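Trainee: Using only what follows, build the 3D model:
(4 chains)
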4 protein chains.
Amino acid sequence: MTQPDFSQRLHGIIPPVVTPLKPDFTVDESALRRVIRHLLDSGVHGLFLLGSTSEVVFMDAPARREVLRIAVDEVAGRVPLLAGVIDPTTDRVIAHARDALAAGVDGLVVTAPFYTRTSQAEIAEHFRAIRVAVDLPIMAYDIPVCVNVKLERSTLKQLRREGLIEGLKDSSGDDTNFRLLARECAEDPDFRLFTGSELMVDTAFLVGAHGCVPGLGNVDPAAYVALYDAAMREDWTEARRLQERLIRVFNIVFQGTPRTSAGASGVGGFKTALKLLGIIEHHHMHRPNLPLNDEETVRVAEILRAEGLLPAQERKLVPGV
Amino acid sequence: MTQPDFSQRLHGIIPPVVTPLKPDFTVDESALRRVIRHLLDSGVHGLFLLGSTSEVVFMDAPARREVLRIAVDEVAGRVPLLAGVIDPTTDRVIAHARDALAAGVDGLVVTAPFYTRTSQAEIAEHFRAIRVAVDLPIMAYDIPVCVNVKLERSTLKQLRREGLIEGLKDSSGDDTNFRLLARECAEDPDFRLFTGSELMVDTAFLVGAHGCVPGLGNVDPAAYVALYDAAMREDWTEARRLQERLIRVFNIVFQGTPRTSAGASGVGGFKTALKLLGIIEHHHMHRPNLPLNDEETVRVAEILRAEGLLPAQERKLVPGV
Amino acid sequence: MTQPDFSQRLHGIIPPVVTPLKPDFTVDESALRRVIRHLLDSGVHGLFLLGSTSEVVFMDAPARREVLRIAVDEVAGRVPLLAGVIDPTTDRVIAHARDALAAGVDGLVVTAPFYTRTSQAEIAEHFRAIRVAVDLPIMAYDIPVCVNVKLERSTLKQLRREGLIEGLKDSSGDDTNFRLLARECAEDPDFRLFTGSELMVDTAFLVGAHGCVPGLGNVDPAAYVALYDAAMREDWTEARRLQERLIRVFNIVFQGTPRTSAGASGVGGFKTALKLLGIIEHHHMHRPNLPLNDEETVRVAEILRAEGLLPAQERKLVPGV
Amino acid sequence: MTQPDFSQRLHGIIPPVVTPLKPDFTVDESALRRVIRHLLDSGVHGLFLLGSTSEVVFMDAPARREVLRIAVDEVAGRVPLLAGVIDPTTDRVIAHARDALAAGVDGLVVTAPFYTRTSQAEIAEHFRAIRVAVDLPIMAYDIPVCVNVKLERSTLKQLRREGLIEGLKDSSGDDTNFRLLARECAEDPDFRLFTGSELMVDTAFLVGAHGCVPGLGNVDPAAYVALYDAAMREDWTEARRLQERLIRVFNIVFQGTPRTSAGASGVGGFKTALKLLGIIEHHHMHRPNLPLNDEETVRVAEILRAEGLLPAQERKLVPGV
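Mentor: Now for the predicted structure:
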């Protein structure tokens, strides 16, 4: 069954929170708390912990529990908190889901199985088994670039009809399909449709999205919140202006390549920006990803500075002050 | 450094052992022991536990340890035993590798990271970190259909030169690339090249493979061993004859589709055959995969019967007995 | 050099005109003239002859010349007329381009080479050779689904900088890339960016498109013109309303599948609609494409009727008349 | 109906003949005659004109007729002569097929339609229409990398059953599928199965191929003929030895990349080798492909020299002689 209360609370900007690490690759609790406060202070409407941007598949169960413990405590019910329960197969996902339920989150985010190759019918079975096992609302997560299979519109329709999912986070990059999906989902007023895009957020709202899960929202949450507000009052020109700014900021994700993978350059770029902003201490990711080097970090700083996210003149460059 | 002793022992037919399950999805120890004895009795040259065919990504760490405990005990050193340590990222793989070392296996089988997208340089870093952490020979596992990235020839060359891997299991299905790889690897006499193909094994040996890891080897290990023997004495006509038989037997993997995924139909087909052969009790896989139904099971039986793997006349068809 | 006059004239709705055929597969001149008048009467801003929707690759040089002769005569300079010069390789394209110049068109539409596989550098060489050979403005045509290669942003930038192309028709379906392209092209105020999408036209204008080349524009040109007008006055709510209508009409392209290919169902759907609208006589395409059958035609009619493009009640259903 | 006489004549090594060009891009008749004599003198069993290696899609109808006129005259019936009739759509292919029939070739080579996207049913319709229009045996040509669609086994089975095709040239690079195809086609003793691979020819014969269409056969036809002879007497060790030699020679196709496309580097490599061998005068291809430069040409020469195809010591390097 869909849960109207949950659905109604679920809207707007819900960033996938990065997981700051200590040098020994354990979770940096104080840094994570600072990231969360930074997001809440900017007015975000919810938080998504343990998503791809959180490096979830790099973490074992204890580390994941630690992240949720910190987040639930820090958020203290002020906004809805979603937890990714991402691992290759059904029963391993259920184990994570039980941990998430125990931690006190408000909903789960579930991908199709991966590594193993499943049919659309088996994907439906996967969602069915998880929903039966753990009584929490589920947001399906369509991310074919990671799991190598598409959540087809017909599968999503079946999951909606059976009441197995309350929403969808679409990170497929197929904007036409997203629009057709928005039209189909409009028949169910409680269903929530979120885009995972950072760059097509104004247009996603124009075609019917209820919210957005932008990785870049870690770095510039206020601009995404303002974009959402503009979209809600149908001021598309202002929404576009804010989106254009965020497209410029998004260039921080390309500074590591081709030395690193796109993934390490992207999440690494967010972490590097948060370090430059003074919010986290270390910008490295889990192994085998390599951190941005000094030269790449300078370029990230220049991008942030150009958009006013860092002061135009760095204090340390002014001698004698 | 490569380990000549290990490499010299590593050759021939090394089936990826299926993991029989009890109705509650736990490992069926007695059935697993029977599968292993069935394989050893047929003369296989090694065993690969916890591979894709073993449903490794469906199992948590305790289940994986259980499988290795049983296998090490049952094999008792008679043949080399390889353990897959397959999970998305480096440190999680290292944790499995430590378990495998503790269990007493002879070598590890390691894929590229998955779900997360890594560059070839980061893949090399992945192998480097694992090798440093756990002192066991490593066979790289190229399976792009599961991990969505290719172990490129240049990456494999680098790993060989650094002494990080002792062999390769190629499940890429790219036979031309396999041949070019065989030519390159021939410069290092201790390096072991295995094909994961069930259908191109005679040609793989013709172009220089040292061994084969056939899922179908669970069902008809004797034919694969005979094929290997023919290839070693360069009797390619006999090798082809045996391969042709195995191509006919391989039809058991197609009986579940399109009702199930290819994966569920394939491993499910092996398990169904082993149940029909009286070696295991239950033929289901982990969730969300659906088991072959009665009609599909009948077709599997017909294929086995046509090749003499089951008696031509079923006992139950003889009335009055 | 870009040609400001041409560029300034090139904007808005420029449908890719279908090519009506007689039963013997030759061009139906009177039907083609009716299609063109239908489009001009609806206020379209230009016409694109001999595109994919025109079945260009099914036609030899004489048939292509015939289409251009008819179109140039019927349009009589009222709107800009673009001609596709689509064939696999450079010199064959140049031969078509000379025919198009002789026919009196205003500009060419040029894809990357196909069947043969070329590098981005060779694609640039292709455009260079065509531009040198024939003095007409060129709109590059990015349609990877047909030519199996992407016109990369860096290649397009080079072509723009060398003054080899005056615009781009993007039929790649990658809306994020389209937006980034729009940002880059904005540095050259004479460059014209068109989308080939039928379903993301409001959002394409929002992100900076100058025009649209919608196949569905053959059927409902007035709605696309109204959508363009709404976008130009930045009335995005009205633009979206019109786009939503066109999404419903677009369902006519899916009525032939899976009996036919998507291509035959799509262009066949446009032709079937034009026949139902009384504009053309025959709805078949060139071989090997199969025409929509009676049942599929009824479904197309129902869609048109639901949107008011056909009268709600068919005359023949009124007895006694 | 299959034509036993044709089929029985069709076997062995049938190289796809390169098309030597004069500086003005017209066919170099005397060079083409020398290439053909070079091949016939080496004992090849047939010739394939106007294939991908012949740059067929770069040539208009008159140039194609010219090539066939020369080839038919030079071959004078000594071996079967196949003509590619390669263009995007059915009626254009039929026009080429009529030219080929008039020229006096023995059979046609036909791909699936391209640029336009067709279903498997429409592909069958394509072959049906061509066969009805022109009374010549047809070899289907599976080359998905160029036409972007696979000739599926089920489609080929239907075409065989209807008697529309007498053979298949497989350039798909999918060796497992090739083997399964060989098993299916064995039920029709007159059907001829050819591989387009240069590197997996021994294994192709081992699994049941009747012949091979190697582009590299332009350069070293004698080695391919010897490989075929070894395969026919089931001497697989010798077949492999010859294949290994040809794999080394095949390195000539990689010398142009990444400066040029793989296609220009491959066919350009063959042409460069033929020029070094003194058989043709010019090594350039049609536009937009760029010719190999001097440095790349030196590397091609070194490869040929290492395999004894060029004298070990170049005369010009011996001063005073």
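
Trainee: Just the strands from chain A, written as ranges.
Mentor: Using DSSP state E, the strands of chain A run over A:12-13, A:47-49, A:81-84, A:107-111, A:138-142, A:167-170, A:192-195, A:211-212.

Trainee: Flag every buried residue along stretch A:44-64.
Mentor: A:44-59, A:63-64 (16 or more other CB atoms under 10 Å in any protein chain shown). Every residue, glycine included, has its C-beta placed from N, CA and C.

Trainee: For it, measure first residue to last.
Mentor: Start to finish, the residues bounding stretch A:44-64 are 22 Å apart (CA to CA, to the nearest Å).

Trainee: How about stretch A:180-193?
Mentor: Stretch A:180-193 has an end-to-end distance of 12 Å (CA to CA).

Trainee: Give me the buried positions along it.
Mentor: For stretch A:180-193, using 16+ other CB under 10 Å, the buried residues are A:Leu180, A:Leu181, A:Ala182, A:Glu184, A:Cys185, A:Asp190, A:Phe191, A:Arg192, A:Leu193.

Trainee: Identify the residue spatially nearest to the first one, adjacent ones excluded.
Mentor: Taking CB to CB, 6 or more residues apart in numbering or on different chains as the measure, A:Leu180 lies nearest to A:Arg153, with 6.7 Å between them; neighbours along the chain are not counted.

Trainee: How about the residue in the stretch 1-150 of chain A that chain D sits nearest to, nearest residue that isn't a chain neighbour?
Mentor: Nearest to chain D in the stretch 1-150 of chain A, going by CB to the nearest CB, is A:Arg117, at a distance of 17.1 Å. Closest residue in space to A:Arg117, ignoring its immediate chain neighbours: B:Gly263 at 4.7 Å, by CB to CB, 6+ apart.

Trainee: for chain A, what spans make up the helices?
Mentor: Under the criterion DSSP state H, chain A contains helices at A:4-9, A:29-41, A:61-75, A:90-103, A:120-133, A:144-147, A:153-161, A:175-185, A:201-206, A:221-232, A:236-249, A:262-276, A:294-306.

Trainee: In JSON lines: these, plus mean pLDDT and distance to D:Asn218.
Mentor: JSON lines is the format used below for these (pLDDT from 0 to 100; distance: least, CB to CB, whole Å):
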{"stretch": "helix A:4-9", "mean pLDDT": "75", "distance to D:Asn218": "67"}
{"stretch": "helix A:29-41", "mean pLDDT": "98", "distance to D:Asn218": "63"}
{"stretch": "helix A:61-75", "mean pLDDT": "98", "distance to D:Asn218": "60"}
{"stretch": "helix A:90-103", "mean pLDDT": "98", "distance to D:Asn218": "55"}
{"stretch": "helix A:120-133", "mean pLDDT": "97", "distance to D:Asn218": "47"}
{"stretch": "helix A:144-147", "mean pLDDT": "98", "distance to D:Asn218": "42"}
{"stretch": "helix A:153-161", "mean pLDDT": "97", "distance to D:Asn218": "50"}
{"stretch": "helix A:175-185", "mean pLDDT": "96", "distance to D:Asn218": "46"}
{"stretch": "helix A:201-206", "mean pLDDT": "98", "distance to D:Asn218": "53"}
{"stretch": "helix A:221-232", "mean pLDDT": "98", "distance to D:Asn218": "60"}
{"stretch": "helix A:236-249", "mean pLDDT": "98", "distance to D:Asn218": "51"}
{"stretch": "helix A:262-276", "mean pLDDT": "97", "distance to D:Asn218": "41"}
{"stretch": "helix A:294-306", "mean pLDDT": "98", "distance to D:Asn218": "48"}
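
Trainee: so which of these comes closest to C:Leu246?
Mentor: Among the helices of chain A, the nearest to C:Leu246 by CB to CB is helix A:175-185 (11.6 Å).

Trainee: got the angle for the closest one vs helix A:153-161?
Mentor: Computed by axes from the mean of the first three to the mean of the last three CA atoms, to 10 degrees, the angle separating helix A:175-185 from helix A:153-161 equals 30 degrees.

Trainee: Tell me the residues on chain A that lie near chain C, please.
Mentor: For chain A, the contact set with chain C under CB under 8 Å from any CB of the partner chain comprises A:173-176, A:179-180, A:183, A:197, A:199-200, A:202-203, A:206-207, A:234, A:236-237, A:240, A:244, A:247.

Trainee: Could you rerun that using 7 Å?
Mentor: By CB under 7 Å from any CB of the partner chain, the part of chain A that sits against chain C consists of A:173, A:175-176, A:179, A:183, A:197, A:199-200, A:203, A:206-207, A:234, A:236-237, A:240, A:247.

Trainee: Are any of the residues you listed buried, and if so which?
Mentor: Among the residues of chain A next to chain C, the ones that count as buried by 16+ other CB under 10 Å are A:173, A:175-176, A:179, A:197, A:199-200, A:203, A:206-207, A:236, A:240, A:247.

Trainee: Tell me which two of those sit farthest apart.
Mentor: Farthest pair in these (CB to CB) is A:Gly173 and A:Trp236. Separation: 21.6 Å.

Trainee: What number of residues are in the vicinity of whichever residue of chain A sits closest to chain D?
Mentor: With CB to the nearest CB, the shortest gap between chain A and chain D falls at A:Pro258, namely 14.3 Å. Using other CB atoms under 10 Å in any protein chain shown, the number of residues around A:Pro258 comes to 10.
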